[in-house]
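Asker: Structure, please.
(chains A, B, C, D, E, F, G and H)
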Protein chains: 8
Amino acid sequence: MTLSVYLSGEIHTDWREQIISGADGLDIAFSSPVTDHAASDDCGVEILGAEPDKFWHDRKGAQVNAIRTRRGIEQADVVVVRFGDKYKQWNAAFDAGMAAAFGQSLIILQPPEHDHALKEVDAAALAVAREPKQVVDILRYVLTGNLPG
Amino acid sequence: MTLSVYLSGEIHTDWREQIISGADGLDIAFSSPVTDHAASDDCGVEILGAEPDKFWHDRKGAQVNAIRTRRGIEQADVVVVRFGDKYKQWNAAFDAGMAAAFGQSLIILQPPEHDHALKEVDAAALAVAREPKQVVDILRYVLTGNLPG
Amino acid sequence: MTLSVYLSGEIHTDWREQIISGADGLDIAFSSPVTDHAASDDCGVEILGAEPDKFWHDRKGAQVNAIRTRRGIEQADVVVVRFGDKYKQWNAAFDAGMAAAFGQSLIILQPPEHDHALKEVDAAALAVAREPKQVVDILRYVLTGNLPG
Amino acid sequence: MTLSVYLSGEIHTDWREQIISGADGLDIAFSSPVTDHAASDDCGVEILGAEPDKFWHDRKGAQVNAIRTRRGIEQADVVVVRFGDKYKQWNAAFDAGMAAAFGQSLIILQPPEHDHALKEVDAAALAVAREPKQVVDILRYVLTGNLPG
Amino acid sequence: MTLSVYLSGEIHTDWREQIISGADGLDIAFSSPVTDHAASDDCGVEILGAEPDKFWHDRKGAQVNAIRTRRGIEQADVVVVRFGDKYKQWNAAFDAGMAAAFGQSLIILQPPEHDHALKEVDAAALAVAREPKQVVDILRYVLTGNLPG
Amino acid sequence: MTLSVYLSGEIHTDWREQIISGADGLDIAFSSPVTDHAASDDCGVEILGAEPDKFWHDRKGAQVNAIRTRRGIEQADVVVVRFGDKYKQWNAAFDAGMAAAFGQSLIILQPPEHDHALKEVDAAALAVAREPKQVVDILRYVLTGNLPG
Amino acid sequence: MTLSVYLSGEIHTDWREQIISGADGLDIAFSSPVTDHAASDDCGVEILGAEPDKFWHDRKGAQVNAIRTRRGIEQADVVVVRFGDKYKQWNAAFDAGMAAAFGQSLIILQPPEHDHALKEVDAAALAVAREPKQVVDILRYVLTGNLPG
Amino acid sequence: MTLSVYLSGEIHTDWREQIISGADGLDIAFSSPVTDHAASDDCGVEILGAEPDKFWHDRKGAQVNAIRTRRGIEQADVVVVRFGDKYKQWNAAFDAGMAAAFGQSLIILQPPEHDHALKEVDAAALAVAREPKQVVDILRYVLTGNLPG
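Answerer: This is a model prediction of the structure:
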């Protein structure tokens, strides 16, 4: 059975590509939010019409994106949530909360300096990784039983 | 029937007290996380034994706190999540994600400067309030049908 | 055990009062949406701030009302949905759909001229009544086993 | 993974065909109720035997149709509900209520003149569209991340 | 916590009274279907209007009774289903199937001559009793840990 | 999407074969209990060892059969339950109760003489058919929208 | 709101009494399996009749006990599972698995020498305690926010 | 439809291979935990970094393994749990508890000397087998209706 993995969180580095290429050859179906920042911000008004008020501009977009993200999280076996160095990243923590509530397996990918701030999120996770390669290693082990090296 | 309201998020201002005292006379059972910062951070090691590694120190505490917070969220009719000016507040966003996934009614209490960063969280909420009094007004309206003023 | 009954739908006649007074003496906890039409329409903007666009004015109000209505439907043993002579009443049919999906017992109260238009809604109901008294008779029978007359 | 989309509501214009042809090339499995009005009305009695009373004639048909419609809604990732200019369309609002209760992503397709009457239904939706092309644009964006134009 | 016990099935002997009086002093809330055979058969048409066709006469009544029986089964901790000597008693087996699917604890009360015919129902039960007193003994043991004698 | 149909109940006539051959060409996956009466009765002791007490002989078999029947019911879109002329058929009514509790679409296939005894079971069904051909007609209509004749 | 705590596992020492007396004054409703070993072993045959085969003797008793234990676990907010020095204690681990699957908060109480053997069970727990007093301290903290000492 | 079977428990004999080869030709998808003892123990620290404290060493590994085992149990139609002669095997009983809570069909494979200690686990199972061949015979019967010999 194909493993479904949803890659949530930070969209400014190539961590998704590292995981996907690292997992080459494994029976995994990856999904993720739309990672084109401008498209993600403007999809609501681009499709459904402009809003003068930025609050509703954002709302329209966030709701359209939710069609994709909620499906991705609900249908995943494993949800990987990456926290990076910049921005508030509350949507990442929100996705982690949904994944935990749905009972999905949660892997957090984060630098050590966020350990204390992420302790409640980490406590709901089955693994806390520092590097994308570690996520690949976990996925390979889960599917094949093989450890790295 | 008593309305169960869980007050999640920021613990450094008196917003909880404002809501609870403002709601005086309404049939509401409030619950919240432990808001004593030091106790919340150290409960795990205080009770279950010290950990030399801060990561596990935090984990032990976060897990003990989860006994209380998860129950609070699951048993609530309404979950209010407050985002303040400081700290990462990922646990607040995580709680909001859990509440959304459980299908609880979600009210976000936040200053306007966080609107864009919170757009995915707000999009899952039934109300976005700026002041504790607005939360009280919503709770009163939900219970009695009476509007303020 | 108290029977929880949610009274959804038309707010322009006194059908709710007829049912509640007719059920006097029975162990029933009634709930209902806010039936003050103006308050129901304006609660969002009254509490959370005005909106120049009527669409968002309505949205804010509908979401605040949803805190009450969804709780009422989810916690009910029986959901009674009344369709009257006027207006679109799509919110009534929407409530009936939610009640059916949640597996609550559904009673539809409607005049015969709506039979064909309501056939899908009626098909999900355990009773289709014409008069509030019939709803009272059903509730009394469900609680006591006694038939009228 | 194929996106499952259920097209509920109005059956007198070609909006379903517009969406399906507009979505040509996307990995979507569309489903819908039986849109042959006469067959939909009479399926119960045609198959299971005539009823002298129109109420039961309608009931038999509505129940047979429910085998198809409930499955369509339950198995969908996205439920699109179209409200048109004519008829009561309570079955459309009922389907929207079921979809909301099941937690499916809901898109409402409606003309602006129904905004106020549909405010409770719209408030449960992730998008309110005016034209079938907008629904197509949303579905394409959800699947590919590409915006129109 | 009070134990909720639903007593389903045969309505022609006093087995319910034997269990209820035998359990006197235990913290149990008993519920049951309407056991007045005539009222149970005619409740639908008595309240909602006569039907010339016996099939719909029965349907109306069965649906009104379902408001009570389904609530009783869903809210019970323990469902006791009694099979007697006469009649088809398919409603009893239907109730047992619902209780099993809902995950309620099921006790079957039946004479040995029905063992083979009830083997699928018995296989879903946590106890197969022959006498009402045995049901009382089980309920007392479950609540107090005390065995008879 | 293939329609999953579970055929429960009476095993002494060829009604299953009539439905399956009648549905030839439709995208349906049929499943059913083991219909070899002797194998069904003895599977437990044949595989797991003899039992001197017929009660446990039956139990062992019923439990092994439950692996197949419960899966069939849970994974079905439509559960057809056939009641014939002979035997108690409590397992059929039990299956119908499980299907109703799981929210599956239920079709009852029965001769009119059982109408009154089956009224509670019928009341949970979306169709009550008299002949296998009617079940085929329903399945064809649900899948294609085409009525017979 | 009263905290419901189920005390599962080892029945040969007074750890339950230590927890219950230590929690004196806290708003907790404790429940537990029947801890009278002989009654627990023989309840099935004592009430429902002797079995010559020890396997069925045990089965009858285990099923009667399951009425109590499953209800206790399902209705608990917190499930404490104690592993002691003797016996296989598979029922304790089984209860822990049920509690984890139901999403209840799990506290394991065990001596360090079982750490490795219990690692999968511990990994599903929110706390691993060594002494009953630590369980009391956790429960007090969860209810009051107060730490010991 | 392929039958999904998860093989949990003892990893020191070839019982999994006996079942898989015995089931050759049947439409079954088998899954199991990682059965390489060393890899299973060390996967956490090998991938995510060493831990000086054996408790956290074990925790890290158990949590990574849980990604695989919980998915296997949740997605299975049938969960077979094998108890052998050695070790505590609490993880096996824990898996059985999860499978029971999720409502999966449970088959226990164990020597008779463990009957009394496993009585609570066995009581939740649909079959208690002594030999791998019996498990194969059950799976074949469930899929084909054919008994051995």
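Asker: neighbours around the nearest residue to residue A:42 once chain neighbours are set aside, how many?
Answerer: Taking CB to CB, 6 or more residues apart in numbering or on different chains, and ignoring the residues beside it in sequence, residue A:42 has residue A:61 as its nearest neighbour in space, at 6.2 Å. Glycine gets a C-beta too; all of them are placed from N, C-alpha and C. Burial of residue A:61, expressed as a neighbour count using other CB atoms under 10 Å in any protein chain shown, amounts to 25.
Asker: Let's verify the most far-flung residue of chain A relative to its centre: helix, strand, or coil?
Answerer: The outermost residue of chain A, judged against the average C-alpha position, is residue A:52 (30.4 Å), by CA atoms, centre = their mean. In terms of secondary structure, residue A:52 is coil; the call rests on DSSP: H, G, I helix; E, B strand; the rest coil.
Asker: what's the pLDDT at the nearest residue to residue A:127 once chain neighbours are set aside?
Answerer: Spatial nearest neighbour of residue A:127, chain neighbours left out: residue A:107 (4.6 Å); criterion: CB to CB, 6+ apart. Confidence per residue is given as pLDDT, and for residue A:107 that number is 98.
Asker: Now do whichever helix or strand residue A:107 is part of: which elements does it pack against?
Answerer: Assigned by DSSP states H and E, residue A:107 belongs to strand A:105-109. Judged by 3 or more CB pairs under 8 Å, 6 or more residues apart in numbering or on different chains; DSSP states H and E, strand A:105-109 is in contact with strand A:78-82, helix A:90-102, strand A:127-129, helix A:132-144, helix H:54-75.
Asker: rewinding a little: confirm for me that the residue nearest to residue A:42 is in contact with residue A:44.
Answerer: Yes: here residue A:61 lies in contact with residue A:44, judged by CB atoms under 8 Å, at a distance of 3.6 Å.
Asker: And the residue of chain A closest to chain B?
Answerer: Across chain A, the shortest distance to chain B (CB to the nearest CB) belongs to residue A:97, at 2.4 Å.
Asker: Near that residue, how many other residues are there?
Answerer: Here the number of neighbours of residue A:97 (other CB under 10 Å) works out to 30.
Asker: Return the residues of chain A in contact with chain B.
Answerer: Contact residues, chain A versus chain B (CB under 8 Å from any CB of the partner chain): A:54-55, A:58-59, A:61-63, A:65-66, A:69, A:83, A:87-102, A:114-124, A:128.
Asker: Quick one: buried ones out of those residues?
Answerer: When burial is judged by neighbour count using 16 or more other CB atoms under 10 Å in any protein chain shown, the buried members of the residues of chain A next to chain B are A:55, A:58-59, A:61-63, A:65-66, A:69, A:83, A:88-102, A:114-115, A:117-124, A:128.
Asker: which outside residues touch stretch A:37-51?
Answerer: The list of residues contacting stretch A:37-51 from outside it, by CB atoms under 8 Å, 6 or more residues apart in numbering or on different chains, reads A:11, A:33-34, A:57-65, D:127-130, D:134, D:137-138, D:141, D:145-149.
Asker: Buried residues of that stretch, list them for me.
Answerer: Residues of stretch A:37-51 classed as buried under the neighbour-count rule (16+ other CB under 10 Å) are A:39, A:40, A:41, A:42, A:43, A:44, A:45, A:46, A:47, A:48, A:51.
Asker: Ok, stretch A:129-136 next?
Answerer: Of the residues in stretch A:129-136, those scored as buried under the neighbour-count criterion (16+ other CB under 10 Å) are A:129, A:132, A:134, A:135, A:136.
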